[in-house]
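Engineer: Provide a 3D model corresponding to the input given below.
(chains A, B, C and D, ligands or ions: 4)
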Amino acid sequence: APAPARPAPGAAPPRARIGLVFDVGGKDDRSFNDVAWRGLVRARDQLGVAITTIEPSDGADREAALRQLAAQDLDLVIGVGFIFSADLERLAREFPTVAFAGIDYAPTGPDQPPPNLAGLRFREHEGSFIVGAIAGLSTRTRTVGFVGGMKIPLIRKFEAGYVAGVKHVCPACKVFSAYAGTEPKAFADPALGQELALAQYEGGADIVFHAAGKTGAGVIAAARAKGKRVIGVDSDQFHEAPCCVLTSMVKQVDVAVFDAVADVVAGRFHGGIRELGLADDGVGFVANADNAHLLSADVVARARALAADVIAGRIEVPSQ
Amino acid sequence: MSGFVASLITLGFLAQVLRIAIPYVLAALGGTLSERAGVIDLALEAKLLMGAFAAAVLGYETGSIAIGIAGAAAAGVAVAAIQAFWSVRLGADQVVTGIALNLGAFGFTRYLLGVRYGQGANSPRFDGVGTGVLTNPISWIAAALVALVVVGLGQTRLGLRVRAVGERPDAVAAAGVSVARVRWLAVLIGGALAGVGGAQLSLPVDGFVAEASGGRGYVALAAVIMSGWRPGRAALWCLAFGLADAVQYRMQTHGVGLPAELTRLLPYVLALVLLAAWPRRVAPPRALGQPD
Amino acid sequence: MTGRARTIHLAVVALLATMAVGSVLMIVAGASPLHAWGQLLRQTLGERQGFGQVLFRATPLVFTGLAVAVPLRAGLFNIGGEGQLTAAALACAVVAAALPPGLPAPLAVLIATAVAFLAGAVVGAATGAMRIYRGAHEVIVAIGLNAIIAGVALWLGNRSLFVGESTRTATIPAAAQLPELGLAGSSASVSALGALGVAALVAWLLARTRVGFTWRMTGQGLDAARAAGLPVDRARVWAMTVAGGLAGLAGAHFVLGHKHAYEDGLGRGVGFLGIAVALLAQGQAMAIIGAALVFGVLGQGGLAISSDVPKEMVDVLQAVVVLVAAASLGRRKR
Amino acid sequence: MTAPALRVRASRRFGDCVALADAALEVAAGTVHALCGENGAGKSTLMRVVYGLERADAGVLELGERVDLARHDVAGAQARGVGMVHQHGMLVPTLTLADNAALGHEPVRGGRYDRAAAARALVAAAARLGQRLDPDALAGELTVGEQQRAELAMVAARATRLLILDEPTALLAPREVDALFAMVRAFAAGGGAVVLVTHKLDEVLAVADEVTVLRGGRTVASWSAEVTAAEIARAMIGGEPPPPATRPPPPRPDAAIGLAIDGLVVPGPRGGGVVDVTLRVAAGEVVGVAGVEGNGQRELALAIAGLAPVARGAVAVGGVDVTRAKVAARRARGLAHVPEDRHRHGLVQGASVADNVALGRLGEVGRGALIDRAAVAALTAQLIAAHDVRPADPSARVDALSGGNQQKLVVARELDRPGLRAVLAVHPTRGVDLAASARIHARLRDVAAAGAAVLLIAADLDELLALCHRVVVMYRGALVGELTGAALAAPDARARLGAWMVGATP
Ligand SMILES: Nc1ncnc2c1ncn2[C@@H]1O[C@H](COP(=O)(O)OP(=O)(O)OP(=O)(O)O)[C@@H](O)[C@H]1O
Ligand SMILES: Nc1ncnc2c1ncn2[C@@H]1O[C@H](COP(=O)(O)OP(=O)(O)OP(=O)(O)O)[C@@H](O)[C@H]1O
Ligand SMILES: [Mg+2]
Ligand SMILES: [Mg+2]
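Structural biologist: Ligands and ions are numbered 1, 2, ... in the order given. From the prediction side, this is the model:
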């Protein structure tokens, strides 16, 4: 559904026109897309830009949605999700006067992306490694779980980092892992996420990490129902279940979106790939007053130390 | 492997099978009623989807689970009413009508979400029924409805008429019974059942997401066909599908067997193998799909 | 009513119903119907880019529409376009990417297209055979196959076919890529012309050939056709086979004419929408072109006005069109 | 004088077809009234109007008292003591007889349908007619004759004022017809009125007190006194009836065998079907198969045509075994088939006349992978003209043709073609009026004279006796008797065939 392109209150003509196309799961998935949406709203309110968004409903629609925005000659068109990578490359070539940005952009070939395309990537495996370590340190059953959305390379990055993190601190721990499916719908099926998580909790896991978008809402619901712990993803998901969200592997998609808009407004937009990891605060974990009752200070200290090791290159985190 | 086997003999597993099966069971019961009356029910998907939507939205707006469930039934009835009007009154092609309703429900739920909440994919979160089976009123409703439909179809006046009307509507008319009225009733009641089944797709997960039905209506229809249009057996087939799903989750969890992309396909492979292995089973109701 | 009068009647009723329901949905969403409809038409039929997008959307719908129409005429329902398209697109992309370099373009396109047709045809044949020789309802079989093919395609992709971190296969060589039509930044490619040609071919097949005649007679009167000695079982399996191939051509359109690779989710929903297209066209091959354009306008128009009205409105409108077609088909049977 | 049990006048159109044009009928209490007319004359429609099953466009109805036709329905008719046994049985095959009998009046106890009470009521009703039946038997598992008797018991149990029987004898053996008529007379003697719809004139003369004739939806004659068969026939067709059919010349003694059936076994529903049939039809010979419906004739015909799987035995056309051959191969060998069910097996209803001609003659009009449209047009025009198919429009849809014209089209396509060796004709004149019947008989006669072996399966003994050189009787899947030559012409031929039809051994 649309968000009307309305200017920030009080502002006269918008300083730029920004379009954004969501990934499966859509606005208010309280996860990945939601974070992107927050970044865009902040840009609208603070930078005085006009925004237009589209939530595509199926595969064939996605490219058409980007193209629709590009053809309106907007200043910046953002695709939220790796799935837009190839489409963005092609549209950037076709519409050289429009700036494009891709969140989770994955180059489709050896060539450099066109100069008007900014690819924003995250080192999710690094953040996942840290929450994996937190899980490994916090589990009482020596069994933890992972629920992914669709089984694709991007989500396998989360899984790989997480498993490595668990094993790093607790080599004997068992890690269950499951994926919700084979279609993009796997990111938007909370009923399925709930069942997968319940299967893991009932199998002995006491902490489950999800990288499943809206499907994760079911994972969190399962944790709430079982009184077990869960690790959120992308944004701080603490408030989804204050009883149970141990921490979240945050991914600063909102910052990336906001910065891309700010660059355009300031006239300093440039293409190229940027990869944000632990070192850049592009990914990280949540430890604050909210979850202090779930996350012991020791564990937080260990996690910080591990993060420092990763940043310093002392630990090599696998991405597959 | 042993962890996998052990995980199958737990109460949690049983609860999971039931939880997964409930939408299938209610949809299949509804589909059985409609099809026994001679109306092909390809619109189960739409009824589940609208039921899930209504339960979540009404549950959120009123804060009442009961109103949510009642709303789900009403939404199923609303879809069924269009279906009945088209199939019974206009004599429209029933397969096509069903597919159109599925397409329409898919768009309509997203449209309403957009109009009401400014987003096309999700309804706002609220506290639903949780994951317990015994604490979930839909479980009890489903159990009661299985018994009611089995007894109702086999041993009541309306049930007799429904069974007759799906075979020889002309004979029913000649006996002085209104064929249209019986069909309307069967389709509407079936719609209510499938709608309540939809509630199970949103209330336990505290909200509605677009396409929440996810093809379950078609699987339920497969159960109806494989049961030979008998409600008790259809419910059993649905339990079997729930079982296949649950086993599949556990296989993934314990890393048993195939990669995730393939274990997911277990229920579909099961259905196809059964269809191929048991060629030409029970004949469908003779008047199925005939306008009158 | 004659066939032509009936088709016109259907078109008029469908148009009126679409306008009425669409206007209500627009008003409920707080938009002015006059403005929204104007916007919708202007941005689809009134400008080159929008019209190019309409053509681009209509092209695969012609193929999947035909893929429903052929079995429909032969008395079978093809709801398996999704799986047929996916299998074909994957096979087409893999083979095209592996073609020896230096192959002349027409030959490369021909080979890749033939592979797509064959891959779709195999899936269609399996569905038809399950129906005819095992008595399993083709709708149920096709729904199962759709899911299975999606899963297997992703599995193959993840295992070996996808390049890098993406969910797409290697880009096909330039020789196998279909040129674009050059309509102002739209995605329309010459496959639109291919769709016209194939629709004409199918129309001719149905009207003039022995196999087309057999399909029509089988669909209208299975028992009479069998009693007259027509090979009805074989004909129906063939109808599903050809249908699978036609849906496969939609896969070729996406791979060769648009994405230049297979990627997960390619063409998703197009196989299903083909059902609506075929029904609006009442199974008539040439009318499918018009029906596909109507759906192209609706789809593209929904996107064009999506800042005023939720674009899912058009899904509802497509359903309205199909419902009108359903009512009209039902009457004809009597 | 008391008010009549029934007085009706009604008009009814179906689209362009006027089924009833102010047709009128009056039936006195205590009488059996025959309603006669050609096929399509409107007999069933008028009775359905009386029974509330069909709406009348205009008219008046009295059932003892004036009834508002606009609001008349089946429940109202039943409440006034009207019962009807329909021309095409009205039992739900998947329900038991008791369930069928209860439908619409289900006894209910404790919220549930009381199946036992329904069964008791049906058994009692049958007993009053001197019948015994199993209330728990599934209707679909009974023979059509048994089904009809059950329906009669159900209806008679409720009807008090008026009993309508729409062509009840079509499916009965002669002996069963006698029992039915005894019941009918008993009902009338008890003060009830009976309408017997039929176009079998001997039945009319045997049982009816009064006769009314419909033609083209109008009442054209009504007699309450003695009347002759010839008078009724003239009223029915509005002119002189055509001369009866004649037999083709006898086959030459050395004629080859056109159609050979050897030890044929064909499974049928409920263990029926063909049990063991051996039969040879010589070139130029017409062999008739008589029998009460449901004794395996259908399976026999379908097996010869190639539409039903053969369990054992063999079928040969023109000396070549075709037991396992496909339909197309049999036709190419010279087999023609005029099927029992022309709606289902004869013609593609939604297609044009021309397409339906091409359907059976693809060998002649096909050119490789294409179809020669000029050849189709020429052949269609020729057949339409030669067989007086109306309307003479090759592009007309077949379902807009009357039943008789549809049958003419099937006969034209099947019998008017070169290279015929064997002809299988099943009830070829059922539902066809006298003039068209005569044409069909003439055609069968001609193809036999031209050297085809003709197997004629029919229920109408008159037709068989007139056309055939030899008549066999089929009973429970086997051939139980045969009349040939002089025995066929003997006055007791009908009685002997009738006895065999209900199981008497020769
Ligand atoms: N439902 C209908 N729709 C269209 N036409 C009908 C319908 N029912 C009857 N007719 C037409 O009305 C006319 C009268 O039919 P009806 O069945 O009353 O004849 P009938 O005298 O009973 O003939 P038969 O001896 O063949 O039973 C026929 O021309 C028939 O085609
Ligand atoms: N479904 C229909 N649609 C259109 N016309 C019909 C239909 N059914 C019957 N008719 C018309 O009603 C007329 C009577 O049909 P019916 O089959 O009863 O013929 P009939 O009077 O028995 O004639 P025949 O002696 O040739 O069998 C026909 O002329 C036919 O055109
Ligand atoms: Mg009649
Ligand atoms: Mg007739």
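Engineer: so when I look at residue D:7, I'm seeing a strand, right?
Structural biologist: Yes - judged by DSSP: H, G, I helix; E, B strand; the rest coil, residue D:7 forms part of a strand.
Engineer: State which one residue of the stretch 201-320 of chain A is found closest to ligand 1.
Structural biologist: Residue nearest to ligand 1 within the stretch 201-320 of chain A (Cβ to the nearest ligand atom): residue A:214, separated by 54.4 Å. For the C-beta atoms, the positions are set from N, CA and C on the backbone; glycine is no exception.
Engineer: That residue contacts residue B:123, doesn't it?
Structural biologist: No - using Cβ atoms under 8 Å, residue A:214 makes no contact with residue B:123, being 11.4 Å away.
Engineer: and for those two, which residues touch both?
Structural biologist: Taking Cβ atoms under 8 Å, 6 or more residues apart in numbering or on different chains as the contact criterion, the common neighbours of residue A:214 and residue B:123 are residue B:209.
Engineer: The two: which has the busier surroundings?
Structural biologist: Legend: neighbour count by other Cβ atoms under 10 Å in any protein chain shown for residue A:214 and residue B:123, higher for residue A:214 (31 against 27).
Engineer: got a list of what the more buried one touches?
Structural biologist: Residue A:214 touches A:25, A:26, A:29, A:30, A:31, A:187, A:188, A:189, A:190, B:121, B:122, B:209, counting by Cβ under 8 Å, 6+ apart.
Engineer: Quick check: the farthest pair among these?
Structural biologist: A:30 and A:189 (14.5 Å; Cβ to Cβ).
Engineer: what about these two, which has more around it?
Structural biologist: Taking neighbours as other Cβ under 10 Å, residue A:30 and residue A:189 compare with residue A:189 leading, 29 against 23.
Engineer: Now do that one against residue D:48, distance only.
Structural biologist: 55 Å (Cβ to Cβ, to the nearest Å).
Engineer: cool, residue B:217 as well?
Structural biologist: Distance from residue B:217 to residue D:48, by Cβ to Cβ: 40 Å.
Engineer: Just the buried positions in stretch C:107-123, please.
Structural biologist: C:108-109, C:111-113, C:115-123 (16 or more other Cβ atoms under 10 Å in any protein chain shown).
Engineer: Residue D:105: what secondary structure?
Structural biologist: Classified using three-state DSSP, residue D:105 is coil.
Engineer: give the contact list for it.
Structural biologist: Contacts for residue D:105 (Cβ under 8 Å, 6+ apart) come out as B:175, D:158.
Engineer: Need the phi and psi values for residue A:266.
Structural biologist: The phi/psi pair for residue A:266 (degrees, to the nearest 10) reads phi -80, psi 0.
Engineer: Report the separation between it and residue A:259.
Structural biologist: 10 Å.
Engineer: Compare these two and say which is more crowded by neighbours.
Structural biologist: Comparing residue A:266 with residue A:259 by neighbour count (other Cβ under 10 Å), the higher total belongs to residue A:259, at 18 against 11.
Engineer: What strand or helix carries the more buried one?
Structural biologist: helix A:253-265 (DSSP states H and E).
Engineer: May I see the buried residues of stretch C:107-123 organised as a markdown table, with pLDDT, secondary structure and distance to residue D:181 added?
Structural biologist: Listed next are the buried residues of stretch C:107-123 as a markdown table, based on pLDDT from 0 to 100; DSSP: H, G, I helix; E, B strand; the rest coil; distance: Cβ to Cβ, whole Å:
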| residue | pLDDT | secondary structure | distance to residue D:181 |
| --- | --- | --- | --- |
| C:108 | 94 | helix | 83 |
| C:109 | 94 | helix | 79 |
| C:111 | 96 | helix | 79 |
| C:112 | 96 | helix | 78 |
| C:113 | 96 | helix | 74 |
| C:115 | 98 | helix | 74 |
| C:116 | 97 | helix | 72 |
| C:117 | 98 | helix | 68 |
| C:118 | 98 | helix | 69 |
| C:119 | 98 | helix | 69 |
| C:120 | 98 | helix | 65 |
| C:121 | 98 | helix | 64 |
| C:122 | 98 | helix | 65 |
| C:123 | 98 | helix | 63 |
